[in-house]
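1. Pasted the sequence and its predicted model underneath.
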Amino acid sequence: MKIYAHRGASGFYPENTMLAFSQALAARSDGIELDVQLSRDGEVVIIHDERLDRTTDGSGRVCRYTLAELRKFNAAGKWNDGAEFHPIPTFDEYCAWVRTTDLITNIEIKSSVIYYPELEKKTLDAIKAHKIEDRVLISSFNHLSLVETKRLCPSLPCGVLVPESGLVNAGYATRHFGFEYHHPAYESTDRESVAECHEHGIGVNVWTVNTMEALENCLAWGCDGIFTNYPKVARSFVDSL
């Protein structure tokens, strides 16, 4: 069962920052999960929310600002009273770093609230430029973004994200539409749903696994991977077995 650091090692470090990503590597994660959006001038940046307010010292939508303007905001502005400054990373910056590691990267295309023109293409261009295609997985709640990803790069594996309500017959649906992974919330996951996916040759990566009970269950159910804010804890537990 692979351990993906959710927005980096975000349980102890500010999410979606290079610090959180480097700490995920230090925790011996198998991979990192991150989120991409576009700046006003069309640059791919790493941030989860469509608005800056929850995690940074800025406000308003990400897409209202140029990259130069976004880089002035503190991505850790709401972490420990913003005592340390961490800029919002660019995806290109991340790719240049991660290519020096063995980490897998799960890239969530944030196109559900705002459909960013060419976000899929620009993300794929960076992946190809840094030659990390063999260690990348694309996911999205907007399944049309996965369709576009497959159109642009058929060989790249895609994970179908679904909300907490879940999806019955997810393995069949994922296989039927040509994707490789199902990404359910833990709340809607059980042994039977994992088995149904595996019957159709679909991998299951579960979000967000932050308790020992959830971790133990995902391992017992045969999940292929988990997204967790605490990769060091998960790694210690899995290795102990």
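-> Structure received.
2. For this protein, which segments count as helices?
-> For the chain, the helices defined by DSSP state H cover 18-26, 67-70, 91-98, 119-129, 143-152, 170-176, 191-199, 212-221, 231-240.
3. what does the longest one contact?
-> Helix 119-129 has contacts (CB atoms under 8 Å, 6 or more residues apart in numbering) with 36-38, 42, 44, 91-92, 95, 107, 109-111, 133, 136, 138, 145, 148-149, 152-153, 156. Every residue, glycine included, has its C-beta placed from N, CA and C.
4. what's across from the residue nearest to the spatial centre of the chain in the sheet?
-> Centroid-nearest residue in the chain: residue 33, 2.9 Å away (criterion: CA atoms, centre = their mean). Counting by DSSP bridges, residue 33 forms beta bridges with residue 6, residue 106.
5. Now do the contacts for it.
-> Counting by CB under 8 Å, 6+ apart, residue 33 makes contact with 4, 5, 6, 7, 105, 106, 108, 207, 227.
6. quick one: it from residue 225, how far?
-> Going from residue 33 to residue 225 by CB to CB, to the nearest Å gives 10 Å.
7. likewise residue 12?
-> 21 Å.
8. ok, back up a step: which of the contacts of residue 33 lies closest to residue 161?
-> Nearest to residue 161 out of the contacts of residue 33 is residue 108 (CB to CB; 7.0 Å).
9. any idea of the pLDDT on the closest one?
-> Looking at residue 108, its pLDDT stands at 99.
10. And residue 43, by the same measure?
-> Taking residue 43 on its own, its pLDDT is 98.
11. Identify the residues contacting it.
-> When contacts are counted by CB under 8 Å, 6+ apart, residue 43 touches 66, 67, 90.
12. For these, which single residue is the most surrounded?
-> Among the contacts of residue 43, the one with the most neighbours (other CB atoms under 10 Å) is residue 90, at 19 neighbours.
13. My guess is it contacts residue 44. True?
-> Yes. Look at residue 90 against residue 44 with CB atoms under 8 Å: they come within range, at 6.6 Å.
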